[in-house]
Every structure is written in structure tokens, then in C-alpha cells.
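A.B. asks: Model the structure of this input:
(one chain, ligands or ions: 1)
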Amino acid sequence: MGTLPVPVTAAGRTGLDALLARPSDSVVALDFDGTLAPIVADPTQSRPHPAVLPALAQLAPKLRAVVVITGRPAETAVAYGGFEGVAGLEHLTVLGAYGAERWDAATARLSSPPPHPGIDRVRAELPDLLRRLEAPEGTRVEDKGHALAVHTRRAVDPARAYRWLREPLADLAARHELHLEPGRFVLEIRPAGMDKGTALTAFLDECDAGPVLYAGDDLGDLAAFDAVEERRRTGEPGLLVCSGDPDEQVTALQDRADLVVQGPEGVAELLTALAERTREP
Ligand SMILES: O=P(O)(O)OC[C@H]1O[C@H](O[C@H]2O[C@H](CO)[C@@H](O)[C@H](O)[C@H]2O)[C@H](O)[C@@H](O)[C@@H]1O
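C.D. replies: Sure thing, here's the model as predicted:
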């Protein structure tokens, strides 16, 4: 049996104990990139750590629900995640585009609202803006339909390129009534209003969930951490997990986590250890 790590906070230990005691009331909510899938230079090559799907398939049938909440389009996360048709994941939900999109394994249906009109305008302006800014070589745009992500990971100096572009891209987003979501060497222009916290809260209400575990790795996951903390204030236990990366610490998230594990491999180990210790309903 794998080792179950001990959360460093009392609230986290309460959350973990509650999840183990009441698995059929509990929800496990997981971010995709950096949490289930190791960070890679090319965003199209992102795939879950090999131990993730077996762990999820073992754990999910014992829980109220498992949900993946991601900044990716839901369809992309389903495809890259290999989530469709997996035994044990028949009731998985994927909330994409920070919760604006939804895919349910049970129905294989995807719901996706029309993109914000500002996205088309940003798409038209962005190439010229990046040219005028002399965006460093290696800067890449990921067009996600509902959002445009500017990646600097493949620039010679990713951190410098990120700092260079952040303010002008925030201005561009604001001019079109959009929001700039900063992430791990990515600056994402997307609609405001929906975030992972709003998405998580709505999903938990819909499931009439009890204890919740949320695992993430980046700044976009802070809103989900807020949502779990808000529930804890009302007496509903929760466990906040950071998928940590020693080479790229996201301190703002790590500092608020009850438990830090080593990247997607550590997340998979945690999910496996939970599955081994939880009863069938
Ligand atoms: O909410 P998430 O599932 O964590 O998605 C957040 C963004 O993840 C992707 O970018 C990140 O992962 C890439 C692949 O490992 C990496 O190259 C990049 O530096 C990271 O920022 C994705 O490309 C974005 O669209 C997501 O919004």
C-alpha cells in the first residue's frame, strides 16, 4: 500500500480524515496541466502522467464525483487526457475554459457557449501587437477559441519575455473587456466572470457534495482554493493540494496548500493511496 502523506495544516488533516470517512459524499477536483499532466514546452504535447488514469479509475467509483477543472477547452482536455471510454471514469466531468465549458462522460455531451465578442477582436490585433513589441523569439500564441494564450516558455529567457509582454497584454485585454489570466509562462486573455472557484462551487452544489479535495499547480487555481476555504468556513471539510515543482515554484499557491506533493507523479501517488484506503459505497 502506498504512503498517504499527512497534510501540514489542521484544516487539511480534518479534510483528509473526512474524505476517508465519507468517500461516497466526497468530490475530488483536479486541474489538468501541471497537476495531472507534467509541464512540457509544447502545449499540444501535454498528456497525463502514466499513473494518473489508473489511479483515477480506481478512486472515482468510490466517490460522489471526480471533476477536472481546467483553462483548456473541455474538448482538448478530454482528448489530451484520454478520459473518454475509461472503465471507472463513466461519471467523470470536465469543466473547460475555467468552467465556461462542460463535458460529461456519462452522456459524452459537450456544452460550450459562444465566445466573447472581444476574443475575435483580440485575435485580429494580437499578431501586430506582438510584432510592434518585438516579442522575443519563441513567443507562441495558443488559440483556444474562447481564449488566447501567449506562451513564453520557449523564449530564450522565458521570465524576461513574460515580464515584457504582461502589461501590454493586460491593456489589450482590458480594451476589449476581457481579463488577463497570468500562469506558468503563459499570459491568457479570456472573458472575466467565470473562474475555477465559481465553477467548483456550482459543481459541488449540484452534487450536494460533502468533503472536497482540490489539487492545482498554478495561479488560476487560487480561485478554487478560495472556494474550498469558503466551504470550510461553513463547516464543510476540504483538502487543498499543490502539485509542486521545485524548478518553478508557484509560491502563492504553495503557501496556501495543506499538502504539497511532487508534481503529477505525486498527485497520482496521492490518488492511488486514497483509492487503496477508501471503501466501495
Ligand atoms: O488549468 P490548467 O489545466 O492548468 O491549464 C492552464 C494552462 O495550461 C497550459 O499551459 C501550461 O502547460 C503547458 C504544457 O505543459 C506549458 O507549456 C505552459 O507553459 C503552461 O502554462 C495550456 O497551454 C493553457 O492553455 C492553459 O490555460
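A.B. asks: what's next to stretch 204-214, contact-wise?
C.D. replies: With C-beta atoms under 8 Å, 6 or more residues apart in numbering as the test, stretch 204-214 has contacts from 15-16, 18-19, 22, 25-30, 64-65, 200, 203, 221, 224-225, 227-228, 231, 236-241, 274. (Glycine included, C-beta is placed from N, CA and C.)
A.B. asks: Would you mind measuring the gap between the ends of it?
C.D. replies: 11 Å (C-alpha to C-alpha, to the nearest Å).
A.B. asks: Looking at that stretch now, give me its mean pLDDT.
C.D. replies: Throughout stretch 204-214, pLDDT has a mean value of 98.
A.B. asks: Write out the residues of the protein neighbouring the ligand.
C.D. replies: 31-34, 39-41, 43, 46, 70-72, 142, 144, 149, 151, 153, 183-186, 188, 218, 220 (C-beta under 6 Å from any ligand atom).
A.B. asks: Now list the buried members of these.
C.D. replies: 31-34, 39, 43, 46, 70-72, 144, 149, 151, 153, 183-186, 188, 218, 220 (16 or more other C-beta atoms under 10 Å).
A.B. asks: Sort out for me which of those are in strands.
C.D. replies: Mapping those onto strands (DSSP state E) picks out 149, 151, 183, 186, 188.
A.B. asks: what sits against the first one?
C.D. replies: It refers to A149. Counting by C-beta under 8 Å, 6+ apart, A149 has contacts 43, 71, 141-142, 183, 186-189.
A.B. asks: hmm, try it at 10 Å
C.D. replies: 43, 71-72, 140-143, 181, 183, 186-190 (C-beta atoms under 10 Å, 6 or more residues apart in numbering).
A.B. asks: Break this protein into its domains for me.
C.D. replies: 10-112+194-277, 117-190 (automatic domain parsing).
A.B. asks: What's the nearest residue in the stretch 101-250 of the chain when you look at the ligand?
C.D. replies: The ligand sits closest to V186 of the stretch 101-250 of the chain, with a gap of 3.5 Å, by C-beta to the nearest ligand atom.
A.B. asks: Doesn't V67 belong to a helix?
C.D. replies: No: counting by DSSP: H, G, I helix; E, B strand; the rest coil, V67 falls outside a helix, being strand.
A.B. asks: unless I'm mixing things up, it is touching L200, no?
C.D. replies: Yes: shown here, V67 and L200 form a contact pair, counting by C-beta atoms under 10 Å, at 7.7 Å.
A.B. asks: of the two, who's got more company?
C.D. replies: Between V67 and L200, counted using other C-beta atoms under 10 Å, L200 has the larger neighbour count: 27 against 23.
A.B. asks: and the residue of this protein nearest the ligand?
C.D. replies: The ligand sits closest to G71 of the chain, with a gap of 2.8 Å, by C-beta to the nearest ligand atom.
A.B. asks: need the helices for the chain, in chain order.
C.D. replies: Assigned by DSSP state H, the helices in the chain fall at 10-21, 52-59, 74-81, 117-132, 158-175, 196-207, 222-233, 251-254, 263-277.
A.B. asks: Please identify which of those is closest to T3.
C.D. replies: Checking the helices of the chain against T3 by C-beta to C-beta gives helix 263-277 as the closest, at 6.4 Å.
A.B. asks: elements contacting that closest one?
C.D. replies: Applying 3 or more C-beta pairs under 10 Å, 6 or more residues apart in numbering; DSSP states H and E, one finds that helix 263-277 contacts helix 10-21, strand 27-30, helix 52-59, strand 212-216, strand 238-244, strand 259-262.
A.B. asks: Show me the one of these that comes nearest A77.
C.D. replies: Minimum separation from A77 across these (C-beta to C-beta) falls at strand 27-30, 10.5 Å.
A.B. asks: Return the list of strands paired to the closest one, each annotated with direction.
C.D. replies: strand 65-69 (parallel), strand 212-216 (parallel) (DSSP bridges).
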